[in-house]
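[1] everything below, folded, please.
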Amino acid sequence: MQTQKKIAIVGSGLVGTLLGIYLKKRGHTVHVYDRSPDIRKINFTGRSINLVLSDRGVKALRDVGLDDEVLRIGTPVAKRAIHTGLETVNEQFYGKDGEVIYSLSRGLLNKKMVDLAEKAGVEFFFEEKVWDVDLTTATISIGETERGEWTTHDYDLTFGSDGAFSRIRHRMQRQSMFNYSQEFLEVGYKELNIPANADGSHKLDKNALHIWPRGKFMLMALANLDGSFTCTLFMPHDGENSFESLKTTEQLVDFFAKNFPDTAAVIPNLVEDFFKNPTSYLVTMKCFPWTYSDKVALIGDAAHAIVPFYGHGMNAGFEDITVLEEMMEKYGDDWANLLNDYENSRKPNTDAIAELSYRNFMEMSAKTADANFLLQKKIEKWFSDKHPKLWIPLYSRVTFSHQPYAEALAIGDRQNEIMQEVLKMDNIHQDWDNAEVEDKIIQLLNSK
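    Residues are numbered from 1 along each chain as shown. As a prediction, this is how the structure comes out:
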């Protein structure tokens, strides 16, 4: 146990609530503030992408005994189902037998995490707007408006877990030598819905991530427990085949009939959902440093917001907590060194998953329908099954291991270079699972 501190966490999202549980278990007094109402009392819909929980996130939950509670509200997903035409669906399994990720409703999980944190003794203060933090004292300032009257609350340490547009980070940005960047994708997203069948069953395979790749835009769907699917349409904000170009019911219906004809039978409320739900933006945010002395620290999206195409935003945030816990175990009450090591160990890895996430949009929207890419995946799986110690595919390194993201990215780049050489071999599309290809990969691995 550490010496008890009074700690504020700004933001009651997934990372903030799990962090609160960890800190409470170490004996600290933990108060969580959020400017929004209690998520358990509102209807959370229309602006979400289903979450994907993988090994890194499961570990963070397991270490405080919460993995079973959370997995109970998830749906195991073992593969991608690529919808390339009206009746053509190609399947790509993510890993080896038994390796799955879990589809989770963001709203359902967030409600569950608040319940679990309250049960652990974390106190929540909803509809409290934190506008500022004193970096030297960790004192937070709360008020109705940014320019109105504020009240202050004293803490020993304040964590900013308040998302990509964090107020705590906003305060840190006003100090010298603070690096910050944000980059919006030209692609946005809109939530759609596939309802359950009348008997509550799923209209599509619930154990697959469904993708309709169409180059610069795509549709994807992940299952929910109630038989429905949360669908997400990713498209450019403007230009041809964009949200801006779909202004009327006729334009929308024609667009889906042309590009996603097999969805007509499963998305009955397309028009209503499309025009009701907002078009949301996608941003990558990087900054450094994440901490100030032993008083203020950023965590999760407040430190490293990424686009959702690898399904690792939550997992990376949960892994922040795993690393922070390791540092608390190592340093005890030496919070200055503890937080310094935390930020320095995490920064290269969160930069790496940001890069991987950006690349994966191109993979999901275009490459999943590309013959060379599909063959590359087949060869990689075939070779990995034969030589599991020589080759672990990049996706498995990221999703089914705890290897640092930066290492996984570097090795994945080397493996891709090898595969590009293999794909140049004569007759590779007709004959790829043979000794010549196997020897070629081994030779290239040894040479690199």
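[2] which residue ranges form the strands in the stretch 51-200 of the chain?
    Assigned by DSSP state E, counting those that start in this stretch, the strands in the stretch 51-200 of the chain fall at 51-53, 75-77, 79-83, 89-93, 101-104, 123-126, 130-133, 140-143, 150-153, 157-160, 179-184, 187-194.
[3] least trustworthy helix or strand in the protein by mean pLDDT?
    Least confident helix or strand of the chain, by mean pLDDT, DSSP states H and E, is strand 89-93 with a mean of 88.
[4] need phi/psi at the nearest residue to Thr350 once chain neighbours are set aside.
    Once flanking residues are discounted, Thr350 sits nearest to His304: 3.8 Å by C-beta to C-beta, 6 or more residues apart in numbering. Where C-beta positions appear, they are placed from N, C-alpha and C, glycine not excepted. The phi/psi pair for His304 (degrees, to the nearest 10) reads phi -160, psi 70.
[5] could you check the pLDDT of His304?
    pLDDT, His304: 98.
[6] count residues in the vicinity of it, would you?
    When counting by other C-beta atoms under 10 Å, one arrives at 26 neighbours for His304.
[7] what's the following helix or strand after the host helix or strand of Ala8?
    Taking DSSP states H and E as the definition, Ala8 sits inside strand 6-10. Once the chain leaves strand 6-10, the next helix or strand it forms, by DSSP H and E, is helix 14-25.
[8] counting by contacts, list what that following helix packs against.
    strand 6-10, strand 29-34, helix 106-120, helix 313-331 (3 or more C-beta pairs under 8 Å, 6 or more residues apart in numbering; DSSP states H and E).
[9] enumerate the positions of the third one that are buried.
    If you call a residue buried by 16 or more other C-beta atoms under 10 Å, then helix 106-120 has these buried ones: 106-114, 116-118, 120.
[10] could you check the angle it makes with helix 14-25?
    10 degrees (axes from the mean of the first three to the mean of the last three C-alpha atoms, to 10 degrees).
[11] and the angle for helix 106-120 with helix 313-331?
    Relative orientation of helix 106-120 and helix 313-331, computed by the same axes, to 10 degrees: 30 degrees.
[12] which other helices and strands contact helix 106-120?
    Short answer (3+ C-beta pairs under 8 Å, 6+ apart): helix 106-120 packs on helix 14-25, helix 67-71, strand 123-126.
[13] quick one, what contacts Ala294?
    Let me fix one detail, which is that residue 294 is Asp and not Ala. Listed by C-beta atoms under 8 Å, 6 or more residues apart in numbering, the contact set of Asp294 reads Leu157, Trp335, Ala336, Leu338, Leu339.
[14] please read the previous query as pertaining to Gly160.
    Contact analysis of Gly160 by C-beta under 8 Å, 6+ apart lists 10-11, 133, 166-169, 172, 296-299, 302-303.
[15] and it, what's its pLDDT?
    At Gly160, the pLDDT value in this model is 98.
[16] coming back round to it: could you dump the strands of the stretch 51-200 of the chain to JSON lines with distance to Ser228?
    Output for the strands of the stretch 51-200 of the chain, formatted as JSON lines (distance: least, C-beta to C-beta, whole Å):
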{"stretch": "strand 51-53", "distance to Ser228": "15"}
{"stretch": "strand 75-77", "distance to Ser228": "11"}
{"stretch": "strand 79-83", "distance to Ser228": "16"}
{"stretch": "strand 89-93", "distance to Ser228": "20"}
{"stretch": "strand 101-104", "distance to Ser228": "11"}
{"stretch": "strand 123-126", "distance to Ser228": "28"}
{"stretch": "strand 130-133", "distance to Ser228": "35"}
{"stretch": "strand 140-143", "distance to Ser228": "38"}
{"stretch": "strand 150-153", "distance to Ser228": "41"}
{"stretch": "strand 157-160", "distance to Ser228": "34"}
{"stretch": "strand 179-184", "distance to Ser228": "30"}
{"stretch": "strand 187-194", "distance to Ser228": "6"}
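[17] of these, which approaches Pro393 most closely?
    Evaluated over the strands of the stretch 51-200 of the chain, closeness to Pro393 peaks at strand 89-93, with 10.8 Å, by C-beta to C-beta.
[18] need the contact partners of that closest one.
    Ala78, Lys79, Arg80, Ala81, Ile82, His83, Thr84, Ala208, Thr368, Leu374, Lys377, Lys381.
[19] stretch 68-77 too?
    For stretch 68-77, contacts defined as C-beta under 8 Å, 6+ apart pick out 52-53, 58, 61, 94, 100-105, 108-109, 112-113, 116, 206-209, 222-225.
[20] let's see it at 6 Å
    For stretch 68-77, the external contacting residues (C-beta atoms under 6 Å, 6 or more residues apart in numbering) are Leu61, Val100, Ile101, Tyr102, Ser103, Leu104, Leu108, Lys206, Asn207, Leu209, Ala223.
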